[in-house]
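Sequence plus the predicted model coming up.
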Amino acid sequence: MDKHLTIVQHPLVQHKLSLMRDKHTPTAVFRQLLREISQLLAYEVTHQLEMTTRVIETPLQEMEAPVLAGRKLALISILRAGNGLLDGMLELIPSARIGFVGLYRDEDTLQPVQYYFKVPDQLAQRLTIVVDPMLATGNSSAAAVNMLKQAGAKDIRFLCLLAAPEGVARMKEAHPDVPVVTAALDERLNELGYILPGLGDAGDRMFGTK
């Protein structure tokens, strides 16, 4: 297994992803599935969080109890579709700090264009998890990670629902220090830069837009 890429093979993840791929799945159900699958993926991407202990009192006695160490982690959503993964992850990690990177893809060049950037402070001391449902060409993802590194982030992980081989290769080339966690590695990109077989445009399916 490539250390740069983790494919989450859990049966619940794969089942929910199949339901999301189905073009007949309505918007409300798609949105709910995305929230559910994001929590399962969050479990995987956070399984190596640094731990420490502190003394607590149970109803029976005092004990040294394991707790998360360091500053609260940062969840960074690549707008707009990243917000679907973000919502579910926040239910699991409600104390996380939140940031947003606004990028849209120029449909002629397939290159990312920035329109918004607002992230938590002290990123150098935080685990930073970047979320976007689709890792397609990888151009927007690589650009977002560039911006986060310029803002001080050092420990970055990228979480997505689907990845194309082209996007994984682009991320590995641009950011070999950033692990990618995904539910599936699909076949390829089509001529428009969409993942095949994919699930269509995640943002449109989540928000009911066309």
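Thanks, I have the structure now.

longest helix of the chain?
Ordering each helix of the chain by length in residues (DSSP state H) puts helix 27-45 first.

List the buried residues of it.
30-42, 44-45 (16 or more other C-beta atoms under 10 Å). Using the backbone N, CA and C atoms, a C-beta is placed for each residue, glycine as well.

Report the mean per-residue pLDDT for stretch 203-210.
Averaging pLDDT along stretch 203-210 gives 83.

Using PDB, write down the CA coordinates of stretch 11-19.
Taking Å, rounded to 0.1, in the frame of the first residue of the first chain, the C-alpha atoms of stretch 11-19 are listed here in PDB:
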ATOM      1  CA  PRO A  11     -18.000  -2.100   4.600                       C
ATOM      2  CA  LEU A  12     -20.100   0.800   5.800                       C
ATOM      3  CA  VAL A  13     -18.000   3.300   4.000                       C
ATOM      4  CA  GLN A  14     -18.200   1.300   0.700                       C
ATOM      5  CA  HIS A  15     -22.000   0.700   1.100                       C
ATOM      6  CA  LYS A  16     -22.800   4.400   1.700                       C
ATOM      7  CA  LEU A  17     -20.500   5.500  -1.200                       C
ATOM      8  CA  SER A  18     -22.300   3.100  -3.600                       C
ATOM      9  CA  LEU A  19     -25.600   4.700  -2.500                       C
END
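
Residue numbering should commence at 5 henceforth.
Will do, 5 is the new start, and the previous item becomes stretch 15-23.

so for that stretch, what's the average pLDDT?
96.

now swap in stretch 101-108 and tell me
Stretch 101-108 comes out with an average pLDDT of 92.

Put the alpha carbons of that stretch into CSV.
Only the C-alpha atoms of stretch 101-108 are listed here, as CSV (Å, rounded to 0.1, in the frame of the first residue of the first chain):
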residue,chain,number,x,y,z
ARG,A,101,-11.0,25.0,14.7
ILE,A,102,-12.5,25.7,11.2
GLY,A,103,-11.1,27.3,8.1
PHE,A,104,-12.2,27.9,4.5
VAL,A,105,-10.4,28.0,1.2
GLY,A,106,-12.5,29.4,-1.7
LEU,A,107,-11.4,28.1,-5.0
TYR,A,108,-13.2,27.6,-8.3
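
what comes into contact with that stretch?
Outside stretch 101-108, the residues that touch it by C-beta atoms under 8 Å, 6 or more residues apart in numbering are 76-83, 86, 90, 94, 116-124, 130, 134, 144, 147-148, 151-152.

Can you list the low-confidence ranges for the protein?
5-6, 114, 214 (pLDDT under 70).
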